[in-house]
Structure formats: C-alpha cells, structure tokens
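> Starting from these lines, generate the structure:
(one chain, ligands or ions: 2)
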Amino acid sequence: MAAGDRADLVLVNAGQLVTVAGSSGAPKRGDDLASIGVIEDGAVAVRGGRITAVGTTREVLERVETGPSTKILDAAGLVVLPGLVDPHTHLVFAGSREDEFVLKIQGASYLEILKDGGGILSTVRAVRSASKERLYHSARKNLDVMLCQGTTTAEVKSGYGLTTADELKMLEVIDDLNRSHPVDLAPTFLGAHAVPLEYKDNLEGYLSLIMDEMLPAAAGRGLAEFCDVFCEEGVFSVGQSRQILQAAIELGLKPKIHADEIVSLGGAELAAAVGAVSADHLMAVSDEGVRVLARSGTVAVLLPATTFCLMSGRYAPARKMIGEGVAVALASDFNPGSCPVNSLQVVMGIACRQLKMTPAEVISAATINAAHAIGRGHYIGSIEAGKKADLVVFDAPSYNYLPYCFGTNLVKTVVKNGEIVVGGQM
Ligand code: NIG
Ligand code: FE
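Ligands and ions are numbered 1, 2, ... in the order given. Alright, predicted model coming up:
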C-alpha cells in the first residue's frame, strides 16, 4: 500500500463504539430507532477527512496501513459516537431575555409576551441594531461551546432581522461562520418568524415582502438551503405558511416548519403535504398529524429543552410517534427566548426523562435522524466507511451513562473532518 493510502488517524480500543450504522439511507423508525450498532473494543480509521474502516480494534488494525504520520487515539474505557447533529437552532442573535424568563416564572405565556411586542420582537430590535461583526462574534462563542459539547453539524436560522437587509445580514453571518468554524452549518431562511411591528396592521404587505423580496434575495445569493415558517396562532396561519413555503420551493429551497408548537393548527399535516424535510416542535400535534407524519418522509424534530424552558409541561408525544412509525429526531432549538440551551447532551438527558425515549433512541435521534432532518443523512450521522470522520469521545463507561449523567460535559475529544478539534489527550 502506498504511503498516500495510509490512515491519517486510527481511533482504537473504544469501550463502546456506537456506530448507528445500517439504516440504508433513510431515517430510523419504530424499533429500529434503538438499534445503534455497538462494537465493543471498537476502532475507526480515517483518511482525508473520511472514515475508511470500522470494526473491532483487531479487524481495523489488520485492514489498514499505519505509518509514522498516523495519529493513534486510544479510547480505552470510553464511549465513541458519531458527531452530534443539531438540526434546529437560532444561533445568531443579539442580547438576552432573562427578564422574560422571570415573567414566565410568574405565569406570563410565550404568545402573550410576543403579542405585547416582547419575545422574538425584542431580539429583533437587538439584532437590527447589531453590526455583522458583533453578531458573528457572539454566535461564534456559542458555536465553540456547542462543539465542545459534541455538536459537529448544526442548522442555523435567520428570523431576527425581519427586513430584507437584516435577514441577509443574519444569513451572511451564518455563511461567514460556516467558512471559518469547524462546525458545519446548514442555513435556513426564517423571515416568517414573526410579523414585525411596522407591519402589524399590514400582514399582506409583510407576506409580499417575504415572497417578492427576501426569498428571491436569499435564494439568489445562495445564502439559504432551507425555508422555515413559524406556523402558530397569532403568527402565521397554515394558509400563509403554505404560500410562503411554496414560493420557497419554487426558488429551490427545502421547506421546514415550526409546527404545532403551542396550538394544534395542523402544521404537521402541512409539513407532510408540502414534502417538508422536517416538522419541528409538535408539542400540540393532533392524532391525525402523527398518522400523516408516519406515512411521510418528513422528520419530526422534537425540542424537549424548549418545553422544559417554557415550563408548559406539554411535551411532544414521542412514544406515540415512535410507535406509529414517525421518524423522530432531537434538536436544541438554541435561542435567547424559549430555549437558551445549546448542549445536545442536556437535550438527550431531558428527552429520556420527559419523552420517555431510551438512551439508544436518543442517540439515533441526535445523530442519523438529525442528519436526515437537514438532508445530510447520506454523509454524516453515523460511523460508516465513506462518511465524514466526525466523531465524539465521551468519558463514560457505557452509552446509557450519557443521558443518565447529564448536566456536566462528558466530551473528552472531538474529531471533525478527521482532525482533532477538541481535547486530544487520551
Ligand atoms: O423555536 N417558536 C419560534 N421560534 C423559536 C423561539 C425564538 C425566540 O423565542 O426567540 C422557537 O421556540
Ligand atoms: Fe425554533
């Protein structure tokens, strides 16, 4: 074998190598969600940023050529997972909303706060007055934390600008981060996140602005891959959401929906009807919505840390969804209002306790199914030959320990595109 064929890096001796492999190109559903392909004493070889071999340490070392330039990572006694994928974040924002947090503790509802010009709209004011540089630096700081917590790919939405210039400013920040930070980002246009105050009495005018100006500009400049809509009572109706998503599809963007988060409007049904890549939140999804999602290719992205932070006590019916065959993924929903949590480890811990998902299920949901929720299931989300070498090493005796012991960062090392980007001393 030529030197050029030698492995750049071989991770060996993993106590448990959780591959999440074998879903043959589709998200996991039903019982398959819990089959996560654990290899004891596992190893992974990497070359050119890609995984070249997976198996037991003996198998992999027999199969691959190593040389003086090959880096060996000894993961003895540790758990290794595919890089975590966060398919729903609002990472780019300015300011914070701890005052609203206090109001919520005292009983104010999320939609009331928004109706009074607070909530999303208070972050809109902060983002409009922030420079691109300031937005970039604060988002970058949070992205560093996410990477240290094991997230190697994340979706990021606009939606706090709500003018063409400010929405483009946010999308440009996402693009700059994508080019300059190890975490890969999937950009989403979310001009339909709220109706800005200046259009309060002219909703039609705002819809036209989104469809005639913002969407063509975002798509034309290649700054967005997805288009999302906050389909919610008092925000955008099912009909308006459909109109916006159809306009987005015509421009080549893939649809996503904030669906049935607080009120059961039929967002899940709309997601299936427009062929959305994902329907997100679903705390208030109807029985029919669950049935329709199960028969569709739309991934249900559940955000249990949001329910926890909203203190509504109404979690998405995850067990029913899994039982009926819905493809379920998990995400953080990181944002300054409804969920200031950016750690998928915390999300996984809450998902086990409140959604009653098992540790094996939450691992599939935060890796391969999360990858499918952003159209990337073919090249990330599992540890398989040919996929990107995105790996996370946890200081844990077993994979069950990960969501069990949540609240501290268990990540020891992160490998992104075959490079060690966090830790390394093993
Ligand atoms: O997913 N629901 C709409 N959007 C976000 C919240 C954003 C915010 O409150 O700033 C969510 O929960
Ligand atoms: Fe959201």
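
> give me the number of residues near Lys200?
For Lys200, the neighbour count with other Cβ atoms under 10 Å is 11. For the C-beta atoms, the positions are set from N, CA and C on the backbone; glycine is no exception.

> residues from the protein in reach of ligand 1?
Taking Cβ under 6 Å from any ligand atom as the contact definition, the chain meets ligand 1 at 90, 119-120, 123, 230, 258, 261, 306, 333, 335-338.

> can we see that at 5 Å?
Contacts of the chain with ligand 1, taken as Cβ under 5 Å from any ligand atom, map to Ile120, Phe230, Asp333, Asn335, Gly337, Ser338.

> Could you find the closest non-adjacent residue to the fifth one?
Leaving aside its chain neighbours, Gly337 sits nearest to Arg97 (4.9 Å; criterion: Cβ to Cβ, 6 or more residues apart in numbering).

> How is the closest residue to ligand 1 within the chain assigned, secondary-structure-wise?
Nearest residue of the chain to ligand 1, counting by Cβ to the nearest ligand atom: Gly337, 2.6 Å away. At Gly337 the chain is in coil, as set by DSSP: H, G, I helix; E, B strand; the rest coil.

> From Ala329, how far out is it?
Between Gly337 and Ala329 the computed distance is 22 Å (Cβ to Cβ, to the nearest Å).

> Looking only at neighbour counts, state which of those two leads.
Neighbours were counted for Gly337 and for Ala329 using other Cβ under 10 Å; Ala329 has more, 29 against 25.

> so that one makes contact with Ile363?
No. Applying Cβ atoms under 8 Å as the test, Ala329 and Ile363 come out as separate, 11.5 Å apart.

> Compute the number of surrounding residues for Gly222.
Neighbour tally, Gly222, other Cβ under 10 Å: 11.

> Equivalent analysis for the one 5 residues further on, please.
Number of residues near Cys227 (other Cβ under 10 Å) recorded here: 31.

> Not counting its neighbours along the chain, what's nearest it?
Nearest non-adjacent residue to Cys227 (Cβ to Cβ, 6+ apart): Ala248, at 3.4 Å.

> What about Asn335, how many residues nearby?
For Asn335, using other Cβ under 10 Å, the count is 25.

> what sits against the nearest residue to it once chain neighbours are set aside?
Closest residue to Asn335 apart from its sequence neighbours, by Cβ to Cβ, 6+ apart: His90 at 3.6 Å. With contact set as Cβ atoms under 8 Å, 6 or more residues apart in numbering, His90 has these partners: Val156, Lys157, Gly159, Tyr160, Leu190, Asp333, Phe334, Asn335, Pro336.

> now do Ala186
When contacts are counted by Cβ under 8 Å, 6+ apart, Ala186 touches Pro87, Thr153, Ala154, Glu155, Val156, Glu225, Phe226, Ile374, Gly375, Arg376.
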